[in-house]
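1. I'll drop the sequence and a predicted model, then ask my questions.
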Amino acid sequence: MLSAIAGVPSALADLVLPRCCAGCGEPQVVLCPRCARLLATPHLASPRRFPAGFPPTVAAAAYAGPVRPVVNAFKEQGRAELAAPLGTALALAVAAVRLGVDGEPPLLLVPVPASRAALRSRGRDHVRELTRHAVAELRAAGVVAAEGRVLRRRGRVRDSSGLSAGERRANLTGTFEVAGPVRPAGALVVLVDDVVTTGATLTEAARVLQALPGAAGPVVAAVVAATPRAPAGPPLAPLHGDLDRLSPTRGSD
Ligand SMILES: [Zn+2]
């Protein structure tokens, strides 16, 4: 029964399947306030084996506890209604990473492109969906932001599951290329992705983006969630007032 329903559009699935919080299972909500709060704890991500060249990266949440099933429900189970709260969490991380940069440059959000295999198996590019929501949230908060599909994949990459951090890095080298003549014209380039674990993907993507002419400052990154290491990274300074409205609880139920 469930497998037969898995392929139908989520709007229809909402009518067929009872809603519950993707994090904890609380009924009648897409995401309960308690789980939503876990998506609003921006902090610097620090992978265990900090790869050389890993860009300054802010995560909105720790990839642990109820956050894991929330991200996976969106990514792997097609719960499209989670794009809004997760996109808002990503916007929060983007806003926080901008705090570390002088001035208030416009933002160019560059989604890490999906592999062909991932696109085939999921039938969608979930990171681009998150990016679109994040751009809309940032603009609504008065931040000049745009999506830039600057990167594309090239060649064939092995499935990275089961590889060590070093092997992942080697597997990824040469994975990305700039998709065309792009001049960010003074914008801060912010790589965006759903989850950072080893940091290998962001490091390789940032390396390619460093060569972009016209960008403001170094490439930085923002993600929904980062695999935590103990002790957790320091919390970031309070956000600008104009970004206070960015809360994953908004519009989530
Ligand atoms: Zn919950």
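-> Received it, and whenever you're ready, just let me know what you need.

2. C-alpha from now on. contacts and neighbour counts both.
-> Will do.

3. so where is the stretch 51-200 of the chain shaky, pLDDT-wise?
-> Confidence mapping of the stretch 51-200 of the chain against pLDDT under 70 gives the ranges 156-161, 163, 166, 168-173.

4. just give me the neighbour total for Gln212.
-> One correction, residue 212 is Leu, not Gln. 17 (other CA atoms under 10 Å).

5. brain fart, Leu38
-> 21.

6. swap in Pro111?
-> Neighbours of Pro111 (other CA under 10 Å): 29.

7. show me the contacts for the residue in the stretch 51-200 of the chain that the ion sits nearest to.
-> Using CA to the ion, the single residue of the stretch 51-200 of the chain nearest to the ion is Pro66, 7.0 Å away. Residues near Pro66 by CA atoms under 8 Å, 6 or more residues apart in numbering: 22-24, 35.

8. which parts of the stretch 101-250 of the chain are strands?
-> Residue ranges of the strands in the stretch 101-250 of the chain, as given by DSSP state E, counting those that start in this stretch, are 107-111, 145-147, 151-153, 176-178, 188-196, 220-226.

9. sheet-wise, list the partners of the fourth one with their directions.
-> If you go by DSSP bridges, strand 176-178 pairs up with strand 151-153 (antiparallel).

10. still on that earlier bit, between the contacts of Pro66, which has the most around it?
-> Ala22 (24 neighbours).

11. and that residue, which of the three is it?
-> Of the three states, Ala22 takes coil under DSSP: H, G, I helix; E, B strand; the rest coil.

12. give me the pLDDT for it.
-> Listed pLDDT for Ala22 reads 96.

13. same list (the strands of the stretch 101-250 of the chain) but as JSON lines, adding distance to Leu209.
-> Listed next are the strands of the stretch 101-250 of the chain as JSON lines, based on distance: least, CA to CA, whole Å:
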{"stretch": "strand 107-111", "distance to Leu209": "9"}
{"stretch": "strand 145-147", "distance to Leu209": "14"}
{"stretch": "strand 151-153", "distance to Leu209": "8"}
{"stretch": "strand 176-178", "distance to Leu209": "7"}
{"stretch": "strand 188-196", "distance to Leu209": "8"}
{"stretch": "strand 220-226", "distance to Leu209": "10"}
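
14. please identify the deepest-packed of these.
-> Across the strands of the stretch 101-250 of the chain, averaging neighbours per residue (mean count of other CA atoms under 10 Å) puts strand 220-226 on top, at a mean of 30.

15. counting by contacts, list what it packs against.
-> strand 57-62, helix 83-98, strand 188-196 (3 or more CA pairs under 8 Å, 6 or more residues apart in numbering; DSSP states H and E).

16. now do 10 Å
-> strand 43-44, strand 57-62, helix 67-75, helix 83-98, strand 107-111, helix 126-140, strand 188-196, helix 200-209 (3 or more CA pairs under 10 Å, 6 or more residues apart in numbering; DSSP states H and E).

17. ok, which of these comes nearest Ala216?
-> Among the helices and strands packed on strand 220-226, strand 188-196 comes nearest to Ala216, with 4.9 Å by CA to CA.

18. tell me what the closest one is packed against?
-> Short answer (3+ CA pairs under 10 Å, 6+ apart): strand 188-196 packs on strand 57-62, helix 67-75, helix 83-98, strand 107-111, helix 126-140, strand 145-147, helix 200-209, strand 220-226.
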